[in-house]
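Peer 1: After the sequence you'll find the predicted model.
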Amino acid sequence: MKKIVYSLLIVICLFIAVGCNSKKDETNNQNNSTNQQESNNKSNNSNEVIKSVKAIINGKEYVINLEDNETANSFANLLPQKLNMSELNGNEKYIYLDTTLPTNLSNPKRINAGDVMLYGDNCLVIFYKSFDTSYSYTKIGHIDNLPNLGNDSITVKFE
């Protein structure tokens with residue numbers, strides 16, 4: 001009789017132990033599923049398309065409305081940055097970035113005041129006068145109502 005009772009107790013203990021382990025596995029699976037979902041959400045957030053960035057030029061804030069392209073998105077992902085841009089040709093400010101950006105070069109035929117372009121794969125250009133051009137650029141965005149930025153170098157804070 002004692003053997004039967006001990007055997008029954010051993011079987012009951014085994015069922016309890018197996019039940020606890022399967023509950024632990026369910027909890028681990030739920031935690032792994034939650035962690036995977038959070039990881040996917042973070043990945044999706046980094047793929048969000050940024051539509052505009054702020055440029056502070058000579059103490060005044062401007063909005064750069066970004067193009068819907070890989071170049072603009074890559075540029076936005078480099079921000080915030082404070083850049084010293086040099087004068088060129090009485091119509092543009094430029095700086096060679098430390099990093100290259102993806103390009104999709106084309107000749108716009110006409111540059112408009114406020115255009116923000118990439119020349120080559122690492123030269124950021126802000127145009128403050130309109131003119132015709134034979135050069136090829138990748139458009140990053142546009143600043144509405146950008147005034148003449150003068151003949152000196154400027155510091156631009158991009159956010």
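Peer 2: That came through, no problem. Small disclaimer: the values here were computed from a predicted structure and weren't measured.

Peer 1: Any idea how many residues pack against Asn77?
Peer 2: 10 (other C-beta atoms under 10 Å). For every residue, glycine as well, the C-beta is placed using N, CA and C.

Peer 1: try Lys54
Peer 2: Look at Lys54: counted by other C-beta under 10 Å, it has 13 neighbours.

Peer 1: Repeat that for Lys93.
Peer 2: With other C-beta under 10 Å as criterion, Lys93 counts 22.

Peer 1: if I look at Lys157, how far off is Ile56?
Peer 2: 4 Å (C-beta to C-beta, to the nearest Å).

Peer 1: how about the helices in this structure?
Peer 2: For the chain, the helices defined by DSSP state H occupy 2-46, 70-76.

Peer 1: what stretches of this protein score poorly on pLDDT?
Peer 2: Regions of the chain meeting the criterion pLDDT under 70 cover residues 1-48.

Peer 1: and stretch 125-142, C-alpha only, in CSV?
Peer 2: Presented in CSV, the C-alpha positions along stretch 125-142 are these (Å, rounded to 0.1, in the frame of the first residue of the first chain):
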residue,chain,number,x,y,z
VAL,A,125,24.3,73.4,-51.7
ILE,A,126,21.7,76.0,-50.8
PHE,A,127,20.8,78.3,-53.6
TYR,A,128,19.6,81.8,-52.8
LYS,A,129,19.2,83.2,-56.3
SER,A,130,17.4,81.7,-59.3
PHE,A,131,19.3,81.0,-62.6
ASP,A,132,19.6,78.5,-65.5
THR,A,133,22.1,75.7,-65.2
SER,A,134,23.7,73.0,-67.2
TYR,A,135,24.9,71.1,-64.1
SER,A,136,23.4,68.0,-62.6
TYR,A,137,22.2,67.7,-59.0
THR,A,138,20.1,65.6,-56.7
LYS,A,139,17.3,67.6,-55.2
ILE,A,140,17.0,67.4,-51.4
GLY,A,141,14.3,70.0,-50.8
HIS,A,142,13.3,73.6,-51.0
